[in-house]
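[1] Here's a sequence, model it:
(2 chains)
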Amino acid sequence: MKVWTLDAALQRCQWPRHFREILSQTILTGLISDPYAASRVINFSTRSALVPFDYSLRIFNHLHNPNAFTWNTIMRAHFELRNNPHQALTLYKLFLAEHAKPDNYTYPILLQCCAARVSEFEGRELHAHVVRFGFHQDVYVRNTLINLYAICGSMSSARQVFEESPVWDLVSWNTVLAGYVQAGNVEEAERVYRGMPERNTIASNSMIVLFGRKGCVEKARRIFDEVRGRDMDMVSWSAMVSCYEQNEMCEEALVLFVEMKASGVTVDEIVVVSVVSACSRILNAEMGRLVHGLAAKVGVEDYVSLKNALIHLYSSCGEIVDAQRIFDDGGVLLDQISWNSMISGYLRCGSIESAEKLFYSMPEKDVVSWSAMISGYAQHECFSEALALFQEMQLHGVKPDETALVSAISACTHLAALDIGKWIHAYINKNKLQINTILSTTLIDMYVKCGCVENALEVFYAMQEKGVSTWNAIILGLAMNGLVEQSLSMFADMKKTKTLPNEITFMGVLGACRHMGLVNEGRHYFSSMIHEHKIEPNIKHYGCMVDLFGRAGLLKEAEELIESMPMAPDVATWGALLGACRKHHDNEMGERVGRKLIQLQPNHDGFHVLLSNIYASKGHWGNVLEIRGIMAQHGVVKTPGCSMIEANGIVHEFLAGDKTHPQISDIEHMLDEVSAKLKIEGYVPTTSEVSLDIDDEEKETALFRHSEKLAVAFGLITIAPPTPIRVMKNLRICNDCHTVVKLISKAFDREIVVQYI
DNA sequence: TTAGGGTTAG
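    Okay, here's the model as predicted:
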């Protein structure tokens, strides 16, 4: 058998059996011991789908003296077919050990293997071999070296190889340029781009990508238009579309895509994914549907990233059925991201049960799956479920990352689960986990809402970089804890750091003024917000000012401010005025405002209750009953007061008048004790708050079953001093509870924090 | 044999 017969036979080879016959012929005739003939066999077998890779390997292992070509082929096959660059590099050592000589094709393969492993160390070793064997002048070798260093982030070495080259081809230029693009080095990239002897499409496309990533949309567009005049290709269009999409110019992205279609360029899966993502951003399901149809037409429907982008699109637009259809039809094409996207899609659409079902049925859960579920629970106010899942996640040995931690901590905040929150904080420190601005801010938020100002300040001062939300959390938190002066001086500090305040900052600042009744300061900050910082006050700022004026008895000014609002006043704003009317006994205005509100928002419980309270405080029981009737007629149910307290890592919930707690008899006993003790101290219950037509003794009892009092009593029983008693409440605390808690604190010598969240 | 495009999950 001759080599040319072998080549001809291989060319005709159609079946695995043919190949085995050809192989046995080469062995029987002894042709296999000819290194060139052996290389033809290996080359064919590694490239052909007829032969399994293991079979090629077995042939290779039986060869006595494979030549460089054969070694190269088998090393490349390890890298490309098996995706095993490490094995290729191992084989290279064997190659040298057998005293075979590498050729100029050997190093591009091996250097690519190093690039795939991002292994600069191995690369440098090979670089030395390249020089030793005298291939350093080869332009292919040089280019792969440049690429290797660029990928390993060592642009100085890449640049050095480039500079030392005797000749440069287009690939050399493009590779160096790609390195700077990847490193995000605009200056050097532009310099290289300008220095190129001729600018080709690939280089221009790289520049479009770079400018797109850096937010320089106009520069990208200029280059795009330049290429357009020369020779653009699919990538040019695609890069420009994605540039718009990444910079949130979704309309432009869609327009350009339509133009691309119209110009007759082939559309592929990559550009389609960018376009679908643009549709998601602007919640345009209709356009997305068109693109989806187009993708099906060009036959890229099975592309998993596209499926994922579509699941995201449809679920973001509330079209959960369509999202689900893609997921259900996906079968084996789906990946981890598909599952996670579907879970968060369900959660976004409020189908907690579907999300749970999918979550518990998924083959593999990663951090994202867990934290999607945890934060989904938290977003739907299922805080206990969120925390329980966070703990379950750790039992499964999954390490929480920043996002999971943020969700868990915010669940702690809402549950007043301070101990668990502190445990998470300690866990972060112990494991030296990355603390980013969001995580720190969440911790600060938790501490201030649990009344631990010291801990909050500790986190705050330890932060390297503080964002506006960090300042907001501390300003708001200090004010919330009654540390008004500190809060306002924090605001002054913030201004010194040149951090620009936003509308939330002013909520904190105005809230601080309200807390202390600082009317003049409030006016000053409100005006500086508008004139100095050019921030339009929102409805909450107005509400805050109305409350500030109202509490100070400036009812007229408060009402005038409401009338001057550019938007319709909301519940809180009217509520503030109504509350002020009650406090300052302006029943005329109170009734007027209250009646108006009931008409405006017949479904809101707060107004009815406030108005009813106004009547109750005057003893006008007829009117109270009338309001009750209106409430019943509109199906308005008073939101029950609910307080939470954490003891020994368990969160206990109390509703007003609640008798369901297992320790209720102890609690009632404690309340009686408290009542007796406080009466000695001269406490008189403010029964005017109770809008029931019952006698005073019954009113006292009702008052003493408010949820926060139950929780505090429970705290007195279960939490040993000096640990403070911390209670979280869903509604604002009533005057009586406020007084009572202060008295308990004194009489029992306990630190007590009741927080309204 | 070396160079250019993308997104999607919390």
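
[2] Lowest mean pLDDT among the helices and strands of chain A, which one is it?
    helix A:696-703 (a mean of 68; mean pLDDT, DSSP states H and E).

[3] and whichever helix or strand comes after that one, what's its mean pLDDT?
    Where DSSP states H and E defines the elements, the next helix or strand beyond helix A:696-703 is helix A:707-718. The average pLDDT for helix A:707-718 rounds to 81.

[4] got the angle for the helix or strand following helix A:707-718 vs helix A:707-718?
    Downstream of helix A:707-718, the first helix or strand assigned by DSSP H and E is strand A:725-729. Interaxial angle, strand A:725-729 versus helix A:707-718 (axes from the mean of the first three to the mean of the last three CA atoms, to 10 degrees): 160 degrees.

[5] Point out the other helices and strands that the longest helix anywhere in chain A packs with.
    Longest helix of chain A, by residue count under DSSP state H: helix A:664-680. In terms of contacts (3 or more CB pairs under 8 Å, 6 or more residues apart in numbering; DSSP states H and E), helix A:664-680 is packed against helix A:707-718, helix A:735-747. Bear in mind the C-beta positions are built from the backbone N, C-alpha and C, glycine included.

[6] Mean neighbour count and distance to DNA strand B added to the ones you listed, as a markdown table?
    Output for the helices and strands packed on helix A:664-680, formatted as a markdown table (neighbours: other CB atoms under 10 Å; distance: least, CB to the nearest atom of the strand, whole Å):
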| stretch | mean neighbour count | distance to DNA strand B |
| --- | --- | --- |
| helix A:707-718 | 24 | 30 |
| helix A:735-747 | 17 | 36 |
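
[7] Which one, of those, ends up nearest to A:Ala38?
    helix A:707-718 (82.1 Å; CB to CB).

[8] Spatially central, which residue of chain A would that be?
    Central residue check for chain A by CA atoms, centre = their mean: the C-alpha nearest the mean position is that of A:Thr403, 6.3 Å away.

[9] Do any residues in whichever strand or helix holds it lie close to DNA strand B?
    Element membership for A:Thr403, per DSSP H and E: helix A:402-415. Yes: residues of helix A:402-415 contacting DNA strand B under CB under 7 Å from any atom of the strand: A:Glu402, A:Thr403, A:Ala404, A:Ser407.

[10] wait, the last one sits on A:Ala372?
    Which is A:Ser407. No: contact status for A:Ser407 versus A:Ala372: not in contact, 9.3 Å apart, counting by CB atoms under 8 Å.

[11] Find the nearest non-adjacent residue to A:Ile667, please.
    Once flanking residues are discounted, A:Ile667 sits nearest to A:Ala713: 4.8 Å by CB to CB, 6 or more residues apart in numbering.

[12] which residues does the one you found contact?
    A:Ile667, A:Glu668, A:Met670, A:Leu671, A:Val674 (CB atoms under 8 Å, 6 or more residues apart in numbering).

[13] run the last query once more with 6 Å
    Shown in contact with A:Ala713 (CB atoms under 6 Å, 6 or more residues apart in numbering): A:Ile667, A:Met670, A:Leu671.

[14] which of the residues you listed has the weakest pLDDT?
    A:Leu671 (76).

[15] can you pick the most crowded of the residues of helix A:402-415 next to DNA strand B?
    A:Ser407 (27 neighbours; other CB atoms under 10 Å).

[16] how far is the longest helix of chain A from where the chain is centred?
    47 Å (CA atoms, centre = their mean, to the nearest Å).

[17] how many degrees apart are it and helix A:735-747 in direction?
    Using the same axes, to 10 degrees: helix A:664-680 against helix A:735-747 is 80 degrees.

[18] Flag every buried residue along helix A:664-680.
    A:Ile667, A:Glu668, A:Met670, A:Leu671, A:Val674, A:Ser675, A:Leu678 (16 or more other CB atoms under 10 Å).

[19] Also stretch A:412-419?
    A:Cys412, A:Thr413, A:His414, A:Leu415, A:Ala416, A:Ala417, A:Leu418, A:Asp419.

[20] Contacts made by that stretch with the rest, please.
    Residues beyond stretch A:412-419 that count as contacts (CB under 6 Å, 6+ apart) turn out to be A:Phe383, A:Ile420, A:Gly421, A:Met446, A:Lys449, A:Cys450, A:Met644, A:Glu646, A:Gly649, A:Val651, A:Arg726, A:Met728.
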